[in-house]
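Asker: Any chance you could fold what I've pasted below:
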Amino acid sequence: MVHPDTYVRPTDKGLGLFAKKSFKKGEIIWIADDLDLKYPLPDYLSFEDNVRSILNRYSYMDFKNRVVIPWDSGKYVNHSCAPNSTGLLEFDNISIALRDIEPDEEIVEDYCCYYGHFETFHCLCGSPHCRGIIGYNNSYDPSLRLRMRDIAGALLSFDQRLLHFKFEENREFLQILSSAQTEYATEG
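Answerer: Predicted coordinates for the structure are as follows:
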């Protein structure tokens, strides 16, 4: 489920997801929910090439080897070599602000933070550290993700609107967050 304070608009890459309001570092922008389509990788690979080519644009592979296709506008998050959002190392199906994001700023992620993505493309991000071509083979880089221990304080410092919705898909994340809250309170 994408945060309701986002919107979609055209970019030079097609469509992109933008912030309607300021997002603070550690704020959850998107979290998988029970409405997202999740195909086991073998099922996805059994689709015809033309079907996969359409799905490839809006899907990624998660840590459970499922191809996830978000049902909402979260699928319009574009790649950037200078991302402002990423996932957690301990829980895959979530996007968290890496830094404060201003209203009308595009929300972007480095696709190499995903366990798998399905396209090779020329990056148009304009970052001084742009890698140029983003490939789909062996692209996962865990260093692009946040560790819970490093972000727990920010994650727990304000109301996370998307956690008001309880989905079976996110039970594991809520357990991890609860453990982090207990650990953070003990250390703090």
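Asker: use CA for all of it now, contacts and neighbours both
Answerer: Fine.
Asker: Tell me, please, the helix or strand in this protein that averages the lowest pLDDT.
Answerer: None of the helices or strands of the chain scores lower by mean pLDDT, DSSP states H and E than helix 171-187, at a mean of 75.
Asker: Please save the CA atoms from it in CSV.
Answerer: The C-alpha coordinates for helix 171-187 follow below in CSV (Å, rounded to 0.1, in the frame of the first residue of the first chain):
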residue,chain,number,x,y,z
ARG,A,171,2.9,-9.7,10.1
GLU,A,172,6.6,-10.5,10.0
PHE,A,173,7.5,-6.8,9.7
LEU,A,174,5.3,-5.9,12.7
GLN,A,175,7.1,-8.5,14.8
ILE,A,176,10.5,-7.1,13.7
LEU,A,177,9.3,-3.6,14.5
SER,A,178,8.0,-4.6,17.9
SER,A,179,11.3,-6.3,18.7
ALA,A,180,13.1,-3.1,17.6
GLN,A,181,10.8,-1.0,19.7
THR,A,182,11.6,-3.1,22.8
GLU,A,183,15.4,-3.0,22.1
TYR,A,184,15.3,0.7,21.3
ALA,A,185,13.4,1.4,24.6
THR,A,186,15.9,-0.7,26.6
GLU,A,187,19.0,1.1,25.0
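Asker: And the contacts of that helix?
Answerer: Here helix 171-187 makes contact (Cα atoms under 8 Å, 6 or more residues apart in numbering) with 91, 148-149, 152-153, 156.
Asker: With stretch 33-47 instead?
Answerer: 1, 52, 61, 65-72, 167-170.
Asker: could you redo the last one with a cut-off of 6 Å?
Answerer: With Cα atoms under 6 Å, 6 or more residues apart in numbering as the test, stretch 33-47 has contacts from 1, 65-71, 167, 169.
Asker: Among these, show me the least confident.
Answerer: When the contacts of stretch 33-47 are compared by pLDDT, Glu169 scores lowest at 85.
Asker: my read is that residue is in a strand, agree?
Answerer: No - assigned with DSSP: H, G, I helix; E, B strand; the rest coil, Glu169 falls outside any strand and is helix.
Asker: count of residues packed around it?
Answerer: 15 (other Cα atoms under 10 Å).
Asker: got a list of what it touches?
Answerer: Listed by Cα under 6 Å, 6+ apart, the contact set of Glu169 reads 33-34.
Asker: can you give me the helices in this protein?
Answerer: For the chain, the helices defined by DSSP state H cover 41-45, 49-56, 148-156, 171-187.
Asker: in the protein, which spans are strands?
Answerer: 6-11, 14-19, 28-31, 37-40, 60-61, 66-69, 78-79, 85-86, 94-97, 108-109, 121-122, 133-134 (DSSP state E).
Asker: Can you give me the end-to-end span of stretch 93-101?
Answerer: One end of stretch 93-101 sits 20 Å from the other (Cα to Cα, to the nearest Å).
Asker: er, stretch 118-130 I mean
Answerer: First-to-last distance for stretch 118-130 - Cα to Cα - comes to 19 Å.
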